[in-house]
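Peer 1: Curious how this folds, go ahead:
(chains A and B)
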Amino acid sequence: KAGVTQTPRYLIKTRGQQVTLSCSPISGHRSVSWYQQTPGQGLQFLFEYFSETQRNKGNFPGRFSGRQFSNSRSEMNVSTLELGDSALYLCASSLIPGGSYEQYFGPGTRLTVT
Amino acid sequence: AQRVTQPEKLLSVFKGAPVELKCNYSYSGSPELFWYVQYSRQRLQLLLRHISRESIKGFTADLNKGETSFHLKKPFAQEEDSAMYYCALKDTDKLIFGTGTRLQVFP
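Peer 2: Down below sits the predicted model:
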């Protein structure tokens, strides 16, 4: 069974631009969560999607948004990029929502904002 | 506020020595806790969860509600245990992670 895939793996953007990251969950998984990982803050929850609906959202500004498609693939978008948005963005999928169910993580997209 | 604290950024031990990675949490309710591990150049993966009371790769973790702790232990460390370890707490349907502890096991 193929694992969680994320594209692109690396991205360099300049301040003020916007970016879209993509996540394809494991086949059959319907819940997708996004996390931001930075050296200073560690792993922070961004949002979770299930059945094309955002079920949970972390404490991030409105510049961070996401969506989920009918095939469970998910995208996250960051508008008006800031230097502080440089991070590794991780996507995780699980069968259904709920942290009790194992979340399988992707390799991440490393975003650098210059 | 819900929080997970891992006080040690780095823990270095020699092969065969006991290991204890500390994790303390703050949660108003019945906590559900996990340990995730990230080996070099690999993805973050679940190591164990407290509800399973399992031992994975020789690691165990016991939930101590009185001390609000969920320390990860292994009696005899192996070189292949070198990795980044994250303690995580389930809060509704999301995970709150600690900042992680890097375990280095020297030969």
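Peer 1: For the rest of this, base every contact and every neighbour count on C-alpha atoms.
Peer 2: Fine.
Peer 1: mind checking how far the nearest residue to A:Thr109 once chain neighbours are set aside is from A:Gly108?
Peer 2: Spatially, and ignoring its direct neighbours in sequence, A:Thr109 is nearest to A:Arg9 (4.4 Å; CA to CA, 6 or more residues apart in numbering or on different chains). Note on A:Arg9: its distance to A:Gly108, by CA to CA, to the nearest Å, is 6 Å.
Peer 1: could I have stretch B:28-46 exported to CSV, CA atoms only?
Peer 2: Taking C-alpha atoms only, stretch B:28-46 is exported to CSV below (Å, rounded to 0.1, in the frame of the first residue of the first chain):
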residue,chain,number,x,y,z
SER,B,28,-8.3,18.8,31.6
GLY,B,29,-9.9,15.5,31.0
SER,B,30,-8.9,11.9,30.5
PRO,B,31,-5.7,12.1,28.4
GLU,B,32,-4.8,9.9,25.4
LEU,B,33,-1.1,9.9,24.8
PHE,B,34,1.3,8.7,22.1
TRP,B,35,4.9,8.5,21.3
TYR,B,36,6.0,9.1,17.7
VAL,B,37,9.5,8.5,16.4
GLN,B,38,11.4,9.9,13.4
TYR,B,39,14.6,8.1,12.3
SER,B,40,17.1,9.8,10.2
ARG,B,41,15.7,10.5,6.7
GLN,B,42,12.5,8.7,7.5
ARG,B,43,9.0,9.8,8.1
LEU,B,44,7.4,10.5,11.5
GLN,B,45,5.8,7.3,12.6
LEU,B,46,3.8,6.1,15.6
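Peer 1: circling back to that earlier point, ok, the residue nearest to A:Thr109 - how many residues close by?
Peer 2: Using other CA atoms under 10 Å in any protein chain shown, A:Arg9 has 15 neighbouring residues.
Peer 1: For the residue nearest the centre of chain A, grab phi and psi.
Peer 2: Centroid-nearest residue in chain A, with CA atoms, centre = their mean: A:Trp34, separated by 3.2 Å. Dihedral pair for A:Trp34: phi -120, psi 140, per degrees, to the nearest 10.
Peer 1: Can you check the pLDDT for the nearest residue to it once chain neighbours are set aside?
Peer 2: Excluding the flanking residues, the one nearest A:Trp34 by CA to CA, 6+ apart is A:Cys91, at 4.5 Å. Note on A:Cys91: pLDDT of 96.
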